[in-house]
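Undergrad: Got a predicted model here, sequence first, then my questions.
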Amino acid sequence: MALGVNQQPAAVPKQEKSAVLHRHLDHQFIPVEKTAGNYLFTEHGQKIYDGSGGPAVACIGWGNERVVDAVTKQLRSAPYCATVFYTTRVQEELGRFLVESTKGHMARAYIVNSGSEAMEAAIKLARQYFLEKSNPEPQRTRFIARKQSYHGTTIGALAIGGHAYRREHFEPLLPANVSHVSPCYPYRQKQARETDDEYVARLTKELDDEFQRVGPETVCAFVAEPVVGAALGCVPSVPGYFKAIKTVCDKYGALLILDEVMCGMGRTGTLHAWEQEGVAPDIQTIGKCLGGGYQPVSGVLAGHKVVDALSSGSSAFVHGHTYQGHPVGCAAALEVQRVIQEENLLDNVKSMGLLLSQLLVEQLGDHPHVGDIRGRGLFWGIELVADKKTKATFPSARHVSMEICERGLSQEYALSVYPAGGGGTEGQQGDAIIVSPPYTVTEEEVRMIVGTLGRMINDYFGA
């Protein structure tokens with residue numbers, strides 16, 4: 001979750017007025033001088049443990065020589081490729097790696113530079129599928145997504161997302177062909193005596209009703225995050241939810257697009273988060289942990305049904321970017337993924353994720369202002385509440401999660417964690433903190449993270 005308009009970054013010594021159009025124009029940001037391992041080093045002498053990898057980006061830590069060498073080698077050989085005419089070996093190898101990692105479910109990979117770009121491409125690919133299939137359905141122009149979701153900041157991606165704060169300034173510009181249903185958010189929306197199966201049935205009916213309301217023949221796809229990231233703070237679905245959702249999509253001939261930009265590429269314990277849901281999407285977006293922050297890189301994976309339609313039709317994807325398939329980004333992503341695979345880091349994600357979840361519950365589960373602790377793998381959210389019994393949120397003007405995260409940047413704590421949305425009125429209020437350390441995290445570091453975060457929260461609330 002980006003800083004809000006009234007949320008202030010941590011104070012730092014006075015600097016010369018910046019010429020950068022920062023997220024905030026009247027505040028000074030902490031200048032990072034270097035990064036190494038799992039630490040950030042500032043120009044002012046601070047050493048801060050990177051307990052969230054930024055917004056869940058860092059997955060193998062900083063300064064990995066294998067990745068640095070791969071990027072440097074690519075810079076020296078072919079730093080750019082105009083994809084209208086050419087391809088590169090590294091782009092082809094990355095595409096092959098990604099397709100094969102899905103165990104036959106996906107057919108092609110499309111490499112771009114940011115999660116928003118990936119979602120824009122996924123939206124257009126879904127639309128083009130219905131124009132290219134053997135029995136074209138040009139009337140399909142709509143999308144259904146979920147409230148309290150985040151899918152990017154470009155106009156198309158913002159329209160798909162259901163994050164009210166991010167949308168509010170730009171509502172008049174957003175396409176009107178998107179509607180939103182409830183997220184799978186058991187902490188706040190599952191009824192007291194409702195079983196998981198009953199909750200899934202209720203959400204499934206809501207989605208089915210929405211298809212009926214807008215006209216099922218008009219819907220291209222349903223879009224969702226397998227584990228909701230910045231908009232809610234690491235909220236996974238209850239068992240059976242995505243299987244039921246996929247059944248509704250199949251019933252009406254719509255595609256399923258899963259946004260794994262934040263929760264994918266190993267973050268939740270499997271390379272693809274959907275592997276834990278028992279379903280495969282028709283289109284998938286990936287990002288952050290694809291390249292681990294070493295280069296801007298993201299992507300779209302397209303299933304066989306979608307690719308076959310294009311192959312049998314125009315044999316072209318009517319979309320493109322100057323920097324798509326950028327060789328240096330591909331080199332970074334490919335080497336990051338090889339490191340994850342060859343060093344068996346997903347095993348560490350699972351084992352350290354289990355320890356992290358246990359310690360978070362032990363340390364914070366009984367705290368009067370901790371309402372919920374949820375997540376998967378090394379992707380955990382702590383939802384903060386004003387009243388544990390009623391689940392009442394703090395007023396948005398208090399910026400509770402932001403202030404706690406800022407507190408962590410001081411020398412007393414030296415821990416970076418990430419503020420996120422959680423609860424409240426569809427992105428307008430609610431506080432959560434994301435803990436998402438690198439896949440290389442050790443048991444000692446996990447214990448330090450939880451202990452330090454516990455102190456940050458206790459000290460903030462005066463406990």
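TA: Right, received. Where do you want to start?

Undergrad: immediately after the lowest-mean-pLDDT helix or strand in the chain, which helix or strand?
TA: Ranked by mean pLDDT, DSSP states H and E, the weakest helix or strand in the chain is helix 164-167, scoring a mean of 89. Following helix 164-167 in sequence order, the next helix or strand is strand 178-181 (DSSP states H and E).

Undergrad: next helix or strand past that following strand?
TA: helix 186-189.

Undergrad: buried sites along the helix or strand that comes right after that next one?
TA: Per DSSP H and E, helix 186-189 leads on to helix 196-214 as the next helix or strand towards the C-terminus. Buried residues in helix 196-214, counted by 16 or more other CB atoms under 10 Å: Tyr199, Val200, Leu203, Thr204, Leu207, Asp208, Glu210, Phe211, Val214. For the C-beta atoms, the positions are set from N, CA and C on the backbone; glycine is no exception.

Undergrad: try stretch 452-463
TA: Thr452, Leu453, Gly454, Arg455, Met456, Ile457, Tyr460.

Undergrad: packing partners for the least confident helix or strand of the chain?
TA: The contact analysis (3 or more CB pairs under 8 Å, 6 or more residues apart in numbering; DSSP states H and E) places helix 164-167 against helix 155-160.

Undergrad: Go ahead and measure how far the helix it packs on is from the middle of the chain.
TA: 15 Å (CA atoms, centre = their mean, to the nearest Å).

Undergrad: what do you get for stretch 392-403?
TA: Put simply, stretch 392-403 sits 22 Å off its chain's centre (CA atoms, centre = their mean).

Undergrad: Could you list the low-pLDDT ranges of the protein?
TA: For the chain, the stretches with pLDDT under 70 are 1-15, 424-428, 463.

Undergrad: Check the gap between the spatially most central residue of it and Gly53 for me.
TA: The C-alpha lying nearest the average C-alpha coordinate of the chain belongs to Met262 (CA atoms, centre = their mean; 1.9 Å). To Gly53, Met262 is 11 Å away according to CB to CB, to the nearest Å.

Undergrad: what's the answer for Val300, then?
TA: Distance from Val300 to Gly53, by CB to CB: 22 Å.

Undergrad: And Val248, by the same measure?
TA: 34 Å.

Undergrad: Same question for Leu158.
TA: 24 Å.

Undergrad: So between the two, which is more surrounded?
TA: Shown here are Leu158 and Gly53; by other CB atoms under 10 Å, Gly53 has more neighbours (28 against 22).

Undergrad: before we move on, back to that, please identify which of the buried residues of stretch 452-463 is nearest to Ala230.
TA: Ala230 lies nearest to Leu453 out of the buried residues of stretch 452-463, by CB to CB, at 17.9 Å.

Undergrad: so which helix or strand takes in the closest one?
TA: Leu453 is part of helix 443-461 when elements are defined by DSSP H and E.

Undergrad: Mind exporting the C-alpha coordinates of that helix to PDB?
TA: Backbone C-alpha positions of helix 443-461 (Å, rounded to 0.1, in the frame of the first residue of the first chain) are rendered in PDB as follows:
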ATOM      1  CA  GLU A 443      15.300 -19.000  12.300                       C
ATOM      2  CA  GLU A 444      17.300 -16.400  14.200                       C
ATOM      3  CA  GLU A 445      16.100 -13.600  11.900                       C
ATOM      4  CA  VAL A 446      12.400 -14.800  12.200                       C
ATOM      5  CA  ARG A 447      12.600 -14.600  16.000                       C
ATOM      6  CA  MET A 448      14.200 -11.200  15.800                       C
ATOM      7  CA  ILE A 449      11.500  -9.900  13.400                       C
ATOM      8  CA  VAL A 450       8.700 -11.100  15.600                       C
ATOM      9  CA  GLY A 451      10.300  -9.900  18.800                       C
ATOM     10  CA  THR A 452      11.000  -6.500  17.300                       C
ATOM     11  CA  LEU A 453       7.600  -6.100  15.700                       C
ATOM     12  CA  GLY A 454       6.000  -7.000  19.100                       C
ATOM     13  CA  ARG A 455       8.000  -4.200  20.700                       C
ATOM     14  CA  MET A 456       7.000  -1.700  18.000                       C
ATOM     15  CA  ILE A 457       3.300  -2.500  18.500                       C
ATOM     16  CA  ASN A 458       3.500  -2.600  22.300                       C
ATOM     17  CA  ASP A 459       5.400   0.700  22.400                       C
ATOM     18  CA  TYR A 460       3.100   2.400  20.000                       C
ATOM     19  CA  PHE A 461       0.000   1.500  22.000                       C
END
